[in-house]
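show me how the following folds:
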Amino acid sequence: MKKFLDFDSYNQYLGLSMPKNNDIDVGYYTPNEMLLKSEPIIVDFYRISIKIGYINKFDPDAKPLNAVFFNSPEIAVGWDVDPTYTGMYVQLSKKIIEDNRYLFKTYLDYGQHEALYLTDEEVEEISTVFQLMIKYYEREKRNFNVLLSYVNLLVSLVEAFYIRQFSTDPKQYNSIITSFQKELIHYYAKPVSQLPNVQYFADKLGLTPNYLGDIVKHFTKKLALENIHEFVIKKAKDLLEQNKEMNTTEVAYELGFEYPNYFSKFFKKQVNLTPKEYRQQSISKN
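Numbering: from 1, shown residues only. Sure thing, here's the model as predicted:
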């Protein structure tokens, strides 16, 4: 699989203009001059791709869409498109993200199937910001801090538009929450050897961990990991109350804890009681 370490090699491969900067690259798409089909490739930087009038080639009933897609390091992406869209792109090096951590948003690691779909008004807003970015990008004497500010504005707008998307189609996202909760229950339907994590459930649902985490947080107001921990604590309480023949170590292993001492600390942090204290309290109540 091809891996592109810099903007120069990737732009040449795709048929984009050569970058003027090694940390931030912005430009407009010219589909008629670009590579329209590619096997999966990997880039070693972040890309925000805004496509206007984009048609899903594999959906015969598809209508033109305005959407934002993402590429991030180590996530393979391939494509097969028709030159029917316009748009623009922003490419950000890992260094610029590392040096300016406020630029990183979880959606930068979303998958291709987790796109942001833009309203006409949002397209207009993004296009206006992009015009200003281009202005400062193409100047011979660039004001890099101004360009950086417009990049920050763009990534913040996209974040806000995702929140709008989550809120305007709750039925679609509630089904993801339901599936997540069902998978939590199924996880402990068989013997386990480790604690569940967000990556496990994202893989089960065919989503990226960041996308699942953002949806869960939006609708439950808690992190995905917090939801998992709450479920583990509930299971722990049930085992301590209903299986009095099991000692704390056995309960820990039953839940997937590698070290019983960690289970005791985890339980105490969540419940303000040790497992033994919780069991004794539940016995005295009965």
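
going forward, measure contacts between C-alpha atoms and count neighbours the same way
OK.

give me the element residue 283 is part of.
Using DSSP states H and E, residue 283 sits within helix 275-285.

contacting residues around the lowest-mean-pLDDT helix or strand in the chain?
Least confident helix or strand, the chain: helix 275-285 with a mean of 85, by mean pLDDT, DSSP states H and E. The contact list for helix 275-285 (C-alpha atoms under 8 Å, 6 or more residues apart in numbering) reads 237, 240, 241, 248, 264, 267, 268.

nearest to residue 127, of the residues you listed?
Residue 127 lies nearest to residue 267 out of those, by C-alpha to C-alpha, at 50.2 Å.

three-state assignment of the closest one?
helix (DSSP: H, G, I helix; E, B strand; the rest coil).

and which of the contacts of helix 275-285 is nearest to residue 28?
residue 267 (53.2 Å).

alpha carbons of stretch 5-18, as CSV, please.
Extracted in CSV, the C-alpha atoms of stretch 5-18 (Å, rounded to 0.1, in the frame of the first residue of the first chain):
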residue,chain,number,x,y,z
LEU,A,5,4.8,11.3,3.9
ASP,A,6,4.4,14.8,2.6
PHE,A,7,2.1,17.1,0.6
ASP,A,8,4.4,17.2,-2.4
SER,A,9,4.3,13.5,-3.2
TYR,A,10,0.6,13.3,-2.5
ASN,A,11,-0.4,16.3,-4.5
GLN,A,12,1.7,15.1,-7.4
TYR,A,13,-0.1,11.7,-7.2
LEU,A,14,-3.5,13.2,-7.0
GLY,A,15,-3.0,15.9,-9.6
LEU,A,16,-3.2,18.9,-7.2
SER,A,17,-1.1,22.1,-7.3
MET,A,18,2.2,21.9,-5.6
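
any idea how far the least confident helix or strand of the chain is from the chain center?
Centre-to-centre, helix 275-285 and its host chain are 40 Å apart (C-alpha atoms, centre = their mean, to the nearest Å).

CA-only coordinates of that helix in PDB, if you can.
Taking Å, rounded to 0.1, in the frame of the first residue of the first chain, the C-alpha atoms of helix 275-285 are listed here in PDB:
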ATOM      1  CA  PRO A 275     -16.000  -4.100  46.900                       C
ATOM      2  CA  LYS A 276     -15.900  -5.800  50.400                       C
ATOM      3  CA  GLU A 277     -17.500  -2.700  52.000                       C
ATOM      4  CA  TYR A 278     -20.200  -2.600  49.300                       C
ATOM      5  CA  ARG A 279     -21.000  -6.300  49.800                       C
ATOM      6  CA  GLN A 280     -21.200  -5.900  53.600                       C
ATOM      7  CA  GLN A 281     -23.500  -2.900  53.200                       C
ATOM      8  CA  SER A 282     -25.800  -4.700  50.800                       C
ATOM      9  CA  ILE A 283     -26.000  -7.700  53.200                       C
ATOM     10  CA  SER A 284     -26.900  -5.500  56.100                       C
ATOM     11  CA  LYS A 285     -29.700  -3.800  54.100                       C
END
